[in-house]
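> quick one, fold the following:
(one chain, ligands or ions: 1)
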Amino acid sequence: MVLLEKAPAKITLSLDVLGKRTDGFHEVKMIMTSVDLTDILELHERHRDVIDVSADSQYVPDDERNLAYKAAAAFKQQYHLTKGVRINIKKNIPVAAGLGGGSSDAAAVLRGLNQMWSVGASRAELTQLGARLGSDVPFCMTGTTALGTGRGEVIHPLPSPPACYVVLAKPDMGISTRHVFPRLNLNNLKHQPTADVIRSLEEANFRNLCDSVGNTLEPVTFSMHPEVARVKEKMLANGAAGAVMSGSGPVIAGLVRPFSRARRVYNGLRGFCDAVYIVRLLDQR
Ligand code: ATP
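Numbers count the residues shown, from 1 in each chain. Predicted structure coming up:
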């Protein structure tokens, strides 16, 4: 049997950092939602007790370091399974971009294997298993708009954002989250945007949403890579109603209405960035 699973990219509409915990992680509050830029995973059932993974991207490991591999291994161990799987990943989500591609692949493997091997694990069980693989995996289990607390793995559902287009612009670099957090000055945290973003979602107010999106990590990434700040400026100058860095960057997500304006933003950024996409929110009202 071959099962296809889609793994959507996520963007952060807000990211607050509350402090550093004794376990070394930062305590965060972030609002996440999914967009229709997706990796496609083929899960090939195998009779031998082996996991193989391959991806059509030179930036993604094709061994046990791949998050999809880790997810399959964790799932097999959790449910005492001796079956095998070959996982082929078509990577459409840029790697190390702040779009949670690896976490989404891991969540897709958990969903897919649960179905393929008729294990019957509940969503809550899979989410708990996912949290052991990475902070973003629990959000990726559902992908609807949510507030993540703790290190981002405790998920609280939120109202869907108002419908709009999202222009994703990726400067020509990859950034690892673990290089950004240590550079954050916890004594100088400016405005934390999450409370305002929650209010705008509750009011379904597009204008207020665009005005309130924000990310406490932006100053850190912008000081390491000033070109990311320039992409954000250019996004707004070309007509995005709001723009925010996703995760630890470098992707900047611009919220835009209507499509003709999204096209203008896209055209203004093409050539200036490594990759630009116009996508839709997967969860919108
Ligand atoms: P992070 O916040 O962990 O930096 P990100 O969302 O910005 O994540 P990802 O695309 O998930 O970025 O990639 C982060 C790292 O994980 C990369 O260095 C990549 O080599 C590794 N990785 C492992 N498995 C995968 C996978 N299935 N897809 C993408 N990257 C993967």
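
> neighbours around the one residue in the stretch 101-250 of the chain that gets nearest to the ligand, how many?
Closest to the ligand within the stretch 101-250 of the chain is residue 102: 2.9 Å, counting by CB to the nearest ligand atom. Placement of C-beta: from N, CA and C, glycine included. When neighbours are defined as other CB atoms under 10 Å, residue 102 has 28 of them.

> ok, now which ones touch it?
60, 66, 67, 68, 95, 134 (CB atoms under 8 Å, 6 or more residues apart in numbering).

> ok, now with 7 Å
For residue 102, the contacting residues are residue 67, by CB atoms under 7 Å, 6 or more residues apart in numbering.

> report pLDDT for it.
Note on residue 102: pLDDT of 98.

> the one 10 residues further on now?
The predicted local confidence for residue 112 comes out at a pLDDT of 98.

> for it, which three-state class applies?
Assigned with DSSP: H, G, I helix; E, B strand; the rest coil, residue 112 falls in the helix class.

> which strand residues bridge the residue lying closest to it once chain neighbours are set aside?
In this structure, residue 112 finds its nearest non-sequential neighbour in residue 5, 4.1 Å apart by CB to CB, 6 or more residues apart in numbering. Beta-bridge partners for residue 5, by DSSP bridges, are residue 41.

> state the distance from residue 5 to residue 41.
Using CB to CB, to the nearest Å, one gets 5 Å for the distance from residue 5 to residue 41.

> give me the common contacts of those two.
Joint contacts of residue 5 and residue 41 (CB under 7 Å, 6+ apart) are 108, 112.

> can you give me the strands for the stretch 101-250 of the chain?
146-149, 154-157, 165-170, 214-215, 242-245 (DSSP state E, counting those that start in this stretch).

> now those in a markdown table, with distance to residue 112, mean pLDDT and mean neighbour count?
Shown next, in a markdown table, are the strands of the stretch 101-250 of the chain (distance: least, CB to CB, whole Å; pLDDT from 0 to 100; neighbours: other CB atoms under 10 Å):
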| stretch | distance to residue 112 | mean pLDDT | mean neighbour count |
| --- | --- | --- | --- |
| strand 146-149 | 21 | 98 | 21 |
| strand 154-157 | 20 | 97 | 14 |
| strand 165-170 | 25 | 98 | 25 |
| strand 214-215 | 31 | 98 | 24 |
| strand 242-245 | 30 | 98 | 25 |
